[in-house]
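Trainee: need the 3D shape of this:
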Amino acid sequence: MEKQRLNTFRMVMLAMMVAIGVVISPILRIEGMCPTAHLINIVCSVLMGPWYSLLCATMIGVIRMLFMGIPPLALTGAVFGAFLSGVFYRVSGGKIICAVLGEIFGTGIIGSIVSYPVMAFIMGRDGLNAFFYTPMFVSATIMGGAAAYVFLKALSRAGLLAKFQRSLGAKVYDKTVRKSAEERA
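Mentor: Okay, the predicted model is just below:
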């Protein structure tokens, strides 16, 4: 029963993250950049891990492409950063800045380079080079990453980050919260 409750809670959280990502993406957008997507990617990575973050970014990208007419950049510019954000967060032992750096590297560098052949050869856009999207992607990830960092640090200071992670079945990295929980037990 507990496992079923946990899975249901994860799916509800994932659905909420996708919904928020789809709804706020056209509102808080700068032409060619979507910093809110990176905010969602990092928050999802920290709360739920790299696989859920990858799934979230994929679902947001597909919905945006199907219903909002967004080009494939919504997908190629999000999935690498979403996954690497979670991986960097886990490998670093729970450092939020590493989740932000994973998003910047994954989307800003890898995603921008992968976007070039998709847009040039599949979508038929002329005048592009391999690093055409890099400045926009890096800028957007820095903006979204900064917002995510501030948000997650505030959650951490309030003790809510560890509480959310624990309730989602994710590993809790916050040492101060773990120590106080062990002392109470």
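
Trainee: so what touches the helix or strand hosting Ile142?
Mentor: For Ile142, the host element (DSSP states H and E) is helix 134-157. The contact list for helix 134-157 (C-beta atoms under 8 Å, 6 or more residues apart in numbering) reads 30, 32-39, 41-43, 46, 77, 81, 96-97, 99-101, 103-104, 107-109, 111-113, 115, 161-162, 164, 174. Every C-beta, even on glycine, is put in place using the N, C-alpha and C of the backbone.

Trainee: list only buried entries from the residues you listed.
Mentor: 33-39, 41-43, 46, 77, 81, 96, 99-101, 103-104, 107-109, 111-113, 115, 161-162, 164, 174 (16 or more other C-beta atoms under 10 Å).

Trainee: just the ones of the residues you listed in helices?
Mentor: 35-39, 41-43, 46, 81, 96, 99-101, 103, 112-113, 115, 161-162, 164 (DSSP state H).

Trainee: low-confidence ranges, the protein, go.
Mentor: By pLDDT under 70, the weakly predicted segments of the chain are 1, 28-33, 122-127, 174-185.

Trainee: closest to the centroid, which residue in it?
Mentor: Asn41 (0.8 Å; C-alpha atoms, centre = their mean).

Trainee: contacting residues around the residue nearest to it when sequence neighbours are not counted?
Mentor: Closest residue to Asn41 apart from its sequence neighbours, by C-beta to C-beta, 6 or more residues apart in numbering: Ala82 at 4.0 Å. Ala82 makes contact with Asn41, Cys44, Ser45, Pro50, Ser53, Leu54, Cys56, Ala57, Glu103, Gly106, Thr107, according to C-beta under 8 Å, 6+ apart.

Trainee: against Ile142, how distant is the first one?
Mentor: In this structure, Asn41 lies at 13 Å from Ile142, with C-beta to C-beta, to the nearest Å as the measure.

Trainee: neighbours around Val172, how many?
Mentor: Residues near Val172, counting by other C-beta atoms under 10 Å, number 15.

Trainee: ugh, typo on my part, it should be Val23
Mentor: Counted with other C-beta under 10 Å, Val23 comes out at 11.

Trainee: tell me which element it falls in.
Mentor: Assigned by DSSP H and E, Val23 falls in helix 2-24.

Trainee: contacts made by that helix with the rest, please.
Mentor: Contacts for helix 2-24 (C-beta under 8 Å, 6+ apart): 36-37, 40, 43-44, 47-48, 52, 55-57, 59-60, 63-64, 167-169.

Trainee: extract the C-alpha trace of it and format it as PDB.
Mentor: This file holds the C-alpha atoms of helix 2-24, laid out as PDB (Å, rounded to 0.1, in the frame of the first residue of the first chain):
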ATOM      1  CA  GLU A   2       2.800   2.400   0.900                       C
ATOM      2  CA  LYS A   3       4.500   1.800  -2.500                       C
ATOM      3  CA  GLN A   4       1.300   2.500  -4.300                       C
ATOM      4  CA  ARG A   5       0.800   5.800  -2.400                       C
ATOM      5  CA  LEU A   6       4.400   6.800  -3.200                       C
ATOM      6  CA  ASN A   7       4.000   6.100  -6.900                       C
ATOM      7  CA  THR A   8       0.700   8.000  -7.000                       C
ATOM      8  CA  PHE A   9       2.300  11.000  -5.200                       C
ATOM      9  CA  ARG A  10       5.300  10.900  -7.700                       C
ATOM     10  CA  MET A  11       2.900  10.900 -10.700                       C
ATOM     11  CA  VAL A  12       0.800  13.700  -9.200                       C
ATOM     12  CA  MET A  13       4.000  15.800  -8.600                       C
ATOM     13  CA  LEU A  14       5.300  15.000 -12.100                       C
ATOM     14  CA  ALA A  15       1.900  16.000 -13.600                       C
ATOM     15  CA  MET A  16       2.000  19.300 -11.700                       C
ATOM     16  CA  MET A  17       5.500  20.000 -12.800                       C
ATOM     17  CA  VAL A  18       4.500  19.300 -16.500                       C
ATOM     18  CA  ALA A  19       1.400  21.500 -16.100                       C
ATOM     19  CA  ILE A  20       3.400  24.400 -14.600                       C
ATOM     20  CA  GLY A  21       6.100  24.100 -17.200                       C
ATOM     21  CA  VAL A  22       3.500  24.200 -20.100                       C
ATOM     22  CA  VAL A  23       1.500  27.000 -18.600                       C
ATOM     23  CA  ILE A  24       4.300  29.400 -17.600                       C
END
